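J.: how would this look folded up:
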Amino acid sequence: MSDRDEKGGGSGCLRATGIGCLSVLGVLVLLAIIVAWNFKAIAVSFARRGITTFITQSDLAQDQKARILTQVDRVAEGYRRGRISNAQMGRVFERLGELPLVHLGAAHLARERYVEASSLTEQEKAEAALLLERFARGVFEQTLKEKDVEEVLALVSEPSSRKGQERELKESLTREELDEFLALVRQKVEAAGVPQERYEIDVAAEIERVVTEVLGAP
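T.: Below you'll find the predicted structure:
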């Protein structure tokens, strides 16, 4: 068992919430099609078009988009040409599944959906944004326990009617609900000792690391 699994930040987090909200998750789903379809050329073409759309329409920085797409091309082209086996492809997905992308996505979407659209002052919004960055950092670095993350997300999620997805983020929060959510986030990050500073997660670097671990250096 990896350190990430032991601390609760791995694939267990993905299964526990089923909240799909980060564009890069769409990349993983579309890549999976390559494995499922027998017509490799068609699968690769379809996946690349879909992935490009997901990535280019996301708010990731341009260098992040380019680096992620480079890895997508490496995996897809390698599989299409027979240089990557089904077992290797499965291992890539397994390792990517250990990244806490769902919870990171939930934190990101919470800022856009609840904070930016709220009646908070600009100063309050800036403070809330920093708070959610600290929360995302705690999830990523696994200083936050899984039960604490689940407790926070429970305040802003509800049962989903979508197949294969247990819960989804609420469309909106009342001011009282938003205040309760932010207060709990603050409580959890303070208790976990997450630094009070800006923090940007390098998603592309994590994907590059996983692909290189499984397939070796390009």
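J.: neighbours of the residue nearest to residue 175 when sequence neighbours are not counted, just the number please.
T.: In space, and not counting its chain neighbours, residue 175 is closest to residue 119: 6.4 Å by Cβ to Cβ, 6 or more residues apart in numbering. In this view, the C-beta of every residue, glycine as well, is placed from N, C-alpha and C. Per other Cβ atoms under 10 Å, the neighbour tally for residue 119 reads 8.
J.: how near is residue 119 to residue 65?
T.: The gap separating residue 119 from residue 65 is 33 Å, by Cβ to Cβ, to the nearest Å.
J.: go on, residue 185?
T.: On the measure of Cβ to Cβ, residue 185 and residue 65 end up 28 Å apart.
J.: These two: who's more crowded?
T.: residue 185 (23 against 19).
J.: Tell me the secondary structure at the more buried one.
T.: helix (DSSP: H, G, I helix; E, B strand; the rest coil).
J.: ok so, going back, quick check, the residue nearest to residue 175 in a strand?
T.: No - per three-state DSSP, residue 119 lies outside any strand segment and is coil.
J.: Tell me the confidence at it?
T.: Here the pLDDT value assigned to residue 119 is 93.
J.: what do you get for residue 98?
T.: At residue 98, pLDDT is 77.
J.: So, low pLDDT: which residues of this structure?
T.: Regions of the chain meeting the criterion pLDDT under 70 cover residues 1-52, 54, 58-59, 101-103, 163-165.
J.: where along it do the helices fall?
T.: Secondary structure of the chain (DSSP state H): helices at 3-6, 11-17, 23-36, 40-56, 62-80, 86-97, 101-110, 122-141, 146-154, 175-192, 203-215.
J.: Of those, flag the one that's most buried.
T.: helix 101-110 (a mean of 24; mean count of other Cβ atoms under 10 Å).
J.: before we move on, the earlier item: these two touch, right, the residue nearest to residue 175 and residue 174?
T.: No - Residue 119 lies out of contact with residue 174 (Cβ atoms under 8 Å); the separation is 10.5 Å.
J.: Domain map for this structure?
T.: According to automatic domain parsing, the chain comprises the domains 3-99+204-211, 101-192.
J.: Include distance to residue 218 when you put those domains into CSV, please.
T.: CSV is the format used below for the domains of the chain (distance: least, Cβ to Cβ, whole Å):
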stretch, distance to residue 218
domain 3-99+204-211, 6
domain 101-192, 23
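J.: nearest to residue 217, of these?
T.: Evaluated with Cβ to Cβ, those place domain 3-99+204-211 nearest to residue 217, the distance being 10.0 Å.
J.: related to what we said a few turns ago, of all the domains of the chain, which one is nearest residue 198?
T.: domain 101-192 (6.1 Å).
J.: From the chain's centre, how far out is that closest one? Work that out for me.
T.: In terms of Cα atoms, centre = their mean, to the nearest Å, the centre of domain 101-192 is set 13 Å apart from its chain centre.
J.: one step back: ok, the residue nearest to residue 175 to residue 125 distance?
T.: According to Cβ to Cβ, residue 119 and residue 125 sit 10 Å apart.
J.: Same question for residue 195.
T.: 20 Å.
J.: next one: residue 157
T.: From residue 157 to residue 125 the distance is 22 Å (Cβ to Cβ).
J.: what does residue 186 give?
T.: From residue 186 to residue 125 the distance is 15 Å (Cβ to Cβ).
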